[in-house]
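Participant: quick one, structure for this:
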Amino acid sequence: MKTDTKISAQKSWAKAFAHPAAEFPLTQLSVKSGKIPDGLRGSLYRNGPGRLERGGMTAGHWFDGDGAILAVHFTDAGAAAVYRYVQTAGYLAEEKANRFLYTNYGMTAPGPAWLRWTKSVKNAANTSVLALPDRLLALWEGGPPHSLDLQTLETKGIDNLGNLDSNFSYSAHCKRDPITGNIFNFGITSSASPKLNLYKSDCTGKIVQKATIPLDGISLVHDFVLARKYLIFFVPPVRLNVLPVLAGISSYGDSFDWKPKLKTQILVIDSETLSLVSCGETDAWFQWHFANGFVKEDGSVAVDFVRFADFQTNQRLKEVPTGETRTDAEGSLWRVCLNPETAEVIAAEQLLDKACEFPVVPASEIGQDSRYIYLAMYRHDVDIVAERYGAIARLDTQTRNLTIADCGENRYPTEPVCVPDIFSEKDWILTVVYDGNSDKSEVWIFDSEGLNSAPICQLELPGVIPLSFHGTWKSAI
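Facilitator: Reported below is the predicted structural model:
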């Protein structure tokens, strides 16, 4: 990957981060165009960094922002939304002090370097959400989840899911089996003996089974795949250089080293027993997100994910809070087929040769062969180094047909969320769009079968929602 050192003017997406996001109470939304589908009943939740500045200082990385949750409730009365920061201990302390106080992914704690190792890491609660029957969890990479009220988003506090050690992490990318209702997740123990901690929960979120697998170093494992019988992990050849972090002279994000000679490690886990089935290695690459995985008729496992050539993507994401991105580091959609008994890669192919991210499939098809993958992409003929994603799309994995919803100039959608209609077989696609032309945010609703047509409904939000990371849907039935 190359780096463009030419300084360019800020793009419209940067305005979404120009000021800390403002909370708003439950507010009935105005319909800007179209009509809310009769069968769209439930709640959309989205999580992302809402604040990237304190006391005149900018956060060191996009991952450092305080988590803020948007909930959009669809009922017979229409749509109403509420937006609130997760009231973590770190957020409350920094609000009171009006300055950064903690170490985070891209930041070291303020003060003398020799004292920084004594400062705790702030749980930013800013990456994703898990909707349980009686509560919403705000998820983050490096710590336990926070529990929130499903309707009001009032923060209830740290949630240990009944059996999570207080100092263990519960990752942002859990997977729910649509057939059994079981929820799978993981966390990394960053110590002298790094470990991959595995968790299986029942449908209420309560952890009912745990396991631990040793790792040969502290890597950056952000996501994984549930393929019915298996949990698949790709461990990229990124390793944390611990000493600068412990010495307080470098952040976590700046202390990860790209080591391609280590190759990408593949771990295959039995989803029933949480035991290691096989491990292997393959070409060096990096990935943040997986779309899905499934067992094929011949017993091999197909894994779809966005593949990056190296770790330059971390530098690009670090630049987002500044409002100007200069690093060319994009990924594309790939499918890897592997033998689960040996973790050997049988085949690898690029499914889509265009830059993309945030791949998802319908929640009802997780772990199964899903025909359609939804993604965030760039608009045609834009400077992808300086811009953010301006379109969402659907890839038909059978025909390879790509259907694109171009949101228009200076409009930036978030990760698409596939939502089932409660009255029919139809699916709706929801995304939150920041409109840089008007400096406003909106909820757009598309027909999944007509992404290349105009949205069937646009709803006006009462405030700007900075570009967020991940969301989920909780149906009303």
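Participant: R400: neighbour count?
Facilitator: 9 (other C-beta atoms under 10 Å). (C-beta placed from N, C-alpha, C; glycine too.)
Participant: surely it is in a strand?
Facilitator: No - residue state for R400 (DSSP: H, G, I helix; E, B strand; the rest coil) corresponds to coil; a strand is not indicated.
Participant: what residues are up against it?
Facilitator: With contact taken as C-beta atoms under 8 Å, 6 or more residues apart in numbering, R400 is in contact with 351-352.
Participant: likewise S275?
Facilitator: Counting by C-beta under 8 Å, 6+ apart, S275 has contacts 211, 269.
Participant: next one, pLDDT for it please.
Facilitator: At S275, the model reports a pLDDT of 98.
Participant: how close does it get to P413?
Facilitator: S275 sits 40 Å away from P413, going by C-beta to C-beta, to the nearest Å.
Participant: before we move on, what about D381?
Facilitator: Here D381 is placed at a distance of 18 Å from P413 (C-beta to C-beta).
Participant: repeat that for L137.
Facilitator: Going from L137 to P413 by C-beta to C-beta gives 24 Å.
Participant: likewise for A138?
Facilitator: 22 Å.
Participant: okay, the two: which has more neighbours?
Facilitator: Applying other C-beta under 10 Å to A138 and P413 shows that A138 carries more neighbours, namely 29 against 26.
Participant: now the more buried one: how far from L246?
Facilitator: When distance is defined by C-beta to C-beta, A138 is 28 Å away from L246.
Participant: what's the closest non-adjacent residue to V382?
Facilitator: Using C-beta to C-beta, 6 or more residues apart in numbering and skipping the chain neighbours, the partner closest in space to V382 is G390 (6.5 Å).
Participant: quick check: phi and psi at that neighbour.
Facilitator: In terms of degrees, to the nearest 10, the main-chain angles of G390 are phi -120, psi 10.
Participant: report how many residues lie close to the nearest residue to T397 once chain neighbours are set aside.
Facilitator: Taking C-beta to C-beta, 6+ apart, and ignoring the residues beside it in sequence, T397 has R371 as its nearest neighbour in space, at 5.8 Å. A count of nearby residues for R371, using other C-beta under 10 Å, gives 13.
Participant: just the pLDDT for R371.
Facilitator: On the pLDDT scale, R371 gets 97.
Participant: and if you look at the one 10 residues further on?
Facilitator: The per-residue pLDDT reported for D381 equals 93.
Participant: helix, strand or coil for it?
Facilitator: Going by three-state DSSP: D381 is coil.
Participant: how close does it sit to A355?
Facilitator: Per C-beta to C-beta, D381 is found 13 Å from A355.
Participant: excluding its backbone neighbours, what's nearest T27?
Facilitator: Distances taken as C-beta to C-beta, 6+ apart place P462 nearest to T27, at 4.9 Å, with adjacent residues excluded.
Participant: any idea how far E23 is from that neighbour?
Facilitator: Counting by C-beta to C-beta, the gap from P462 to E23 is 10 Å.
Participant: again, but for P413
Facilitator: Computed as C-beta to C-beta, the P413 to E23 distance reads 22 Å.
Participant: so where's this structure uncertain?
Facilitator: 1-9, 112-119 (pLDDT under 70).
Participant: quick one: the helices in the stretch 301-450 of the chain?
Facilitator: Remark: helices assigned in the stretch 301-450 of the chain by DSSP state H, counting those that start in this stretch are 312-319.
Participant: show me where it has strands.
Facilitator: Assignment of strands within the stretch 301-450 of the chain using DSSP state E, counting those that start in this stretch yields the ranges 301-307, 332-339, 344-352, 356-360, 372-377, 391-396, 402-406, 411-413, 417-420, 427-435, 440-447.
Participant: so which of these gets nearest V121?
Facilitator: Closest of those to V121 is strand 356-360, at 25.5 Å (criterion: C-beta to C-beta).
Participant: returning to that earlier point: if I pick the residue nearest to T397, what's in contact with it?
Facilitator: R371 makes contact with 396-398, according to C-beta under 8 Å, 6+ apart.
Participant: and stretch 288-300, how far from the chain's centre?
Facilitator: Relative to its chain's centre, stretch 288-300 lies at 19 Å (C-alpha atoms, centre = their mean, to the nearest Å).
Participant: and that stretch, which residues are buried?
Facilitator: 288-295, 300 (16 or more other C-beta atoms under 10 Å).
Participant: try stretch 88-98
Facilitator: For stretch 88-98, by 16+ other C-beta under 10 Å, it's 88, 90-91, 94.
Participant: stretch 259-276 too?
Facilitator: Buried-residue list, stretch 259-276, by 16+ other C-beta under 10 Å: 260, 262-269, 271, 274, 276.
Participant: most surrounded residue in the contacts of R371?
Facilitator: T397 leads the contacts of R371 on contacts (other C-beta under 10 Å) with 20 neighbours.
Participant: now do the helix or strand hosting L70 against strand 440-447, angle only.
Facilitator: Assigned by DSSP states H and E, L70 falls within strand 66-75. Per axes from the mean of the first three to the mean of the last three C-alpha atoms, to 10 degrees, the angle that strand 66-75 makes with strand 440-447 is 50 degrees.
Participant: what pairs with strand 66-75, parallel or antiparallel?
Facilitator: The strands beside strand 66-75 in its sheet (DSSP bridges) come out as strand 42-51 (antiparallel), strand 78-85 (antiparallel).
Participant: winner for burial among those strands?
Facilitator: strand 42-51 (a mean of 24; mean count of other C-beta atoms under 10 Å).
Participant: quick check: angle from that one to strand 427-435?
Facilitator: Counting by the same axes, to 10 degrees, strand 42-51 lies at 30 degrees to strand 427-435.
Participant: to Y45, which of the strands of the stretch 301-450 of the chain lies closest?
Facilitator: strand 417-420 (9.1 Å).
Participant: what's the closest one packed up against?
Facilitator: Judged by 3 or more C-beta pairs under 8 Å, 6 or more residues apart in numbering; DSSP states H and E, the packing partners of strand 417-420 are strand 42-51, strand 427-435, strand 470-475.
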